[in-house]
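Q: Dropping the sequence and predicted coords here.
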Amino acid sequence: MKIWVCFVLPLIIIGCAGQGAIEFGINDNALFDGTLGDISMTVTRIEMPEGDVYTMVWEGAKEVIVGIRVSDFVSITDRYIEVTPGSYQNIRLTVESVRYIQDSNSVLLIDTSYQFIATAFSALSVEENFDQEFVIGIMSTAWFDIDSLKIREGYEAFQGASLKINY
């Protein structure tokens, strides 16, 4: 009986631990009246830090189209994903086929797999049995030059990407 209590009971307790749930989305983190085009990309992976390493929480191939200077929440995961409760200050995304699109014009900006980190101003809490929306702001005006239709010289794509809770 002692063996059962020592080995099985801890597994039951661990199995009952609650999970948090997050729907991940993306926007350009600004509000602007008018259209400057869109940034289109295929998101293939979302990872959250677990100690010194990143752990994958979602993997797929979701094409998202983000309006430049528009704050609309565009879902990546289309549903809530279970994550370990805790405090998170950044997440890492892997994207492919990043394009600028306006009307019938399409300009390829990145054609390979590309990773970037979105960082929150302060740690965001994920609580047990609680659903939230995390939004990644791509901050296109910092790294994309709308006049030349290229990534600004001296900048990296998605430089300054932010992470916030969507309300």
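A: Received it, and whenever you're ready, just let me know what you need. Remember, it's a predicted structure, so these values are computed and weren't measured experimentally. Numbering: from 1, shown residues only.

Q: Spatially, which residue comes closest to residue 63, not counting chain neighbours?
A: Computed as C-beta to C-beta, 6 or more residues apart in numbering, the closest residue to residue 63 that is not its neighbour in sequence is residue 42, at 5.0 Å. The C-beta positions use only the backbone N, C-alpha and C, and glycine is treated the same way.

Q: Does the one you found touch residue 93 like I think?
A: No - using C-beta atoms under 8 Å, residue 42 is not in contact with residue 93; the gap is 10.9 Å.

Q: More neighbours: which of the two?
A: In this view residue 42 and residue 93 are compared by other C-beta atoms under 10 Å, and residue 93 has more residues nearby, 23 against 16.

Q: where does this structure have its least confident helix or strand?
A: Of all helical and strand segments in the chain, the minimum by mean pLDDT, DSSP states H and E falls on helix 2-15, at a mean of 44.

Q: Which single strand of this protein contains the most residues?
A: strand 86-102 (DSSP state E).

Q: what's the next secondary structure element after it?
A: strand 105-110 (DSSP states H and E).

Q: list the helices and strands that following strand packs on?
A: Applying 3 or more C-beta pairs under 8 Å, 6 or more residues apart in numbering; DSSP states H and E, we find strand 105-110 packed against strand 38-50, strand 86-102, strand 150-151.

Q: now with 6 Å?
A: With contacts taken as 3 or more C-beta pairs under 6 Å, 6 or more residues apart in numbering; DSSP states H and E, strand 105-110 sits against strand 86-102.

Q: If you compare the directions of the strand it packs on and strand 38-50, what angle comes out?
A: Interaxial angle of strand 86-102 relative to strand 38-50 (axes from the mean of the first three to the mean of the last three C-alpha atoms, to 10 degrees): 160 degrees.

Q: For strand 86-102, buried residues please.
A: 88, 90, 91, 92, 93, 94, 95, 96, 97, 98, 99, 100 (16 or more other C-beta atoms under 10 Å).

Q: quick one on the thing from earlier: give me the distance between the residue nearest to residue 63 and residue 149.
A: In this view, residue 42 and residue 149 are 19 Å apart by C-beta to C-beta, to the nearest Å.

Q: Between the buried residues of strand 86-102, which sits nearest residue 63?
A: Nearest to residue 63 among the buried residues of strand 86-102 is residue 97, at 8.0 Å by C-beta to C-beta.
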